[in-house]
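J.: okay, structure incoming, though there's no sequence with it:
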């Protein structure tokens, strides 16, 4: 089941959001997938990031582990895998895994990260992934934004990529990011959002709803810092309400409960965690009180 | 780099601790049994540095330079570059150090001089104790870091050799000290307990290199 947000619906929600940070009526509907606003295409709400976890060089052990994570992720129902040339050898590790798995269908999301020849970098990235074209190309961290937006917009017009977007992370450069969201016809925007990093609730998330831009959420676990801090801490009954079995699932439930969130991309080097993360997509959305309590408790850590 | 104040060391770490440690296992497998040659060259350098004349100390310095070149090529360019795109810059620093060591070896070879037990001890620890670190941490011995193959013990060994010599030019200590400090920060950031030993090697090396009171040539 997936939700499709019409433009009228998005504007109504955005208007409501302007009145209060998180109107209860806006709580996202349950569903393993959500619609990408610009096309209505359904995409599973939990994807897979690759920052650090997939940067293993040519280590056979590391590559085998990446393959195991990707296989477990895809088997659990996930499709979106996100990477970047900035992530060392992660792209090649993904490509090797997909090749060994027989090129299963994935939603390939990559980035252009250069002040130089973006087209050449994208071609190199595609070769590493062993894909003919990407589903989504994003300008990474606003690097050479104008020039690279021209490149990927042209690629989209030529049918060489299906979606285009922009990324930032850790709450950096949100003013510039907002300007980019206003200026460009973006299909996707990607930024950080989690129970302790909620800056995006102020402007970026409501603006994405208003503009009909799909939101990919990165760093849901603050690169593991949140989940590591919670290791050994039993999940209290109130947090487990709704079916979350772990803190990671509770955090993902929080992230996905924002109606603007389309997909969250936790990274992991543990195949079991990849399955656990995707399973969070089936949890019912929480109410506002639960969200605020989780945020309060995690910020107090 | 906009909003530079919001960046922490972890923002610049591109790989996990597991990937980093595995690099040494892969290096050791690739060069086996070259570890014996690397350690033998390092031990020989110390012995030659203690000998009289000009040729033996010059050979010692050139051997030391060779160790830094080997790390630049075998580790940084051949291994580390796979997971870190600034590895070539690190390799360049190690080549620079090799050039400095070679220049000093040719024009003003270092000789063992004065009572410098701290320097000799640091060199010996770098050569024989550093490789045992994985065992102390419950890791596989194949991940051992060897002088002449891995950067941290090579830098520590060099500081020890410089401290054991009489009147080593301070410029020779800059890159080894800088590298050990940088590596300690990286290790701490990735959660490796090895950061303490690496930082300790830098501190001991710096202390050992201080001019001794009343020291003569």
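T.: Alright, I've got the coordinates. Quick caveat: nothing in here was measured; it's all calculated off a predicted structure.
J.: going forward, measure contacts and count neighbours with C-alpha atoms only.
T.: Fine.
J.: and the stretch 151-300 of chain A, which residues reach chain B?
T.: Residues of the stretch 151-300 of chain A lying near chain B by C-alpha under 8 Å from any C-alpha of the partner chain: A:172, A:173.
J.: how about the strands in the stretch 151-300 of chain A?
T.: Per DSSP state E, counting those that start in this stretch, the stretch 151-300 of chain A carries strands over the ranges A:161-167, A:188-192, A:214-218, A:261-264.
J.: the spatially most central residue of chain B and chain A: what is the separation?
T.: Computing the C-alpha centroid of chain B and ranking residues by C-alpha atoms, centre = their mean puts residue B:155 first, at 1.7 Å. Residue B:155 sits at a distance of 24 Å from chain A (criterion: C-alpha to the nearest C-alpha, to the nearest Å).
J.: wait, what's in contact with that residue?
T.: B:176, B:177, B:179, B:180 (C-alpha atoms under 8 Å, 6 or more residues apart in numbering or on different chains).
J.: quick check: which element contains it?
T.: Per DSSP states H and E, residue B:155 falls inside helix B:151-164.
J.: from the chain's centroid, how far away is that helix?
T.: 5 Å (C-alpha atoms, centre = their mean, to the nearest Å).
J.: quick check: the residue of the stretch 101-250 of chain A nearest chain B.
T.: Residue of the stretch 101-250 of chain A nearest chain B, by C-alpha to the nearest C-alpha: residue A:172 (7.1 Å).
J.: before we move on, the earlier item: give me the mean pLDDT for the helix holding residue B:155.
T.: Averaging pLDDT along helix B:151-164 yields 96.
J.: what does stretch B:210-217 give?
T.: 55.
J.: how about stretch A:158-172?
T.: So the average pLDDT for stretch A:158-172 ends up being 94.
J.: tell me the buried residues in it?
T.: A:160-172 (16 or more other C-alpha atoms under 10 Å in any protein chain shown).
J.: and what of stretch A:177-192?
T.: For stretch A:177-192, by 16+ other C-alpha under 10 Å, it's A:177, A:178, A:180, A:181, A:185, A:186, A:187, A:188, A:189, A:190, A:191, A:192.
J.: quick one: the first one and residue A:168 touch, right?
T.: It refers to residue A:177. Yes. With contact defined as C-alpha atoms under 8 Å, residue A:177 reaches residue A:168; the gap is 7.4 Å.
J.: between these two, what contacts are shared?
T.: Joint contacts of residue A:177 and residue A:168 (C-alpha under 8 Å, 6+ apart) are residue A:142.
J.: could you point out the longest helix of the chain?
T.: Picked chain A for this. Secondary structure of chain A per DSSP state H: the longest helix is helix A:60-75.
J.: try again with chain B
T.: Under DSSP H, chain B gives helix B:87-107 as its longest helix.
J.: residues in contact with that helix?
T.: So helix B:87-107 is contacted by B:57-62, B:64-69, B:71-73, B:76-77, B:80-81, B:110, B:172, B:175 (C-alpha under 8 Å, 6+ apart).
J.: sitting in helices, which of those do you find?
T.: The helices, defined by DSSP H, take in B:57-62, B:64-69, B:172, B:175 from the contacts of helix B:87-107.
J.: sort these by pLDDT and name the bottom one.
T.: Comparing the ones in helices among the contacts of helix B:87-107 by pLDDT, residue B:57 comes last, at 91.
J.: I figured that residue hits residue B:49, correct?
T.: Yes. Under the criterion of C-alpha under 8 Å, residue B:57 makes contact with residue B:49 at 4.5 Å.
J.: any residues in contact with both of the two?
T.: Common neighbours of residue B:57 and residue B:49 (C-alpha under 8 Å, 6+ apart) are B:110, B:111.
J.: without its sequence neighbours, what residue ends up closest to residue B:9?
T.: residue B:189 (6.6 Å; C-alpha to C-alpha, 6 or more residues apart in numbering or on different chains).
J.: quick check: that neighbour vs residue B:16, distance?
T.: 10 Å (C-alpha to C-alpha, to the nearest Å).
J.: and what of residue A:276?
T.: 21 Å.
J.: who are the contact partners of residue 56?
T.: Going with chain A. So residue A:56 contacts A:62, A:63, A:89, A:90, A:93, B:15, B:19, B:82, B:83 (C-alpha under 8 Å, 6+ apart).
J.: oops, wrong one, chain B.
T.: Contacts for residue B:56 (C-alpha under 8 Å, 6+ apart) come out as B:48, B:49.
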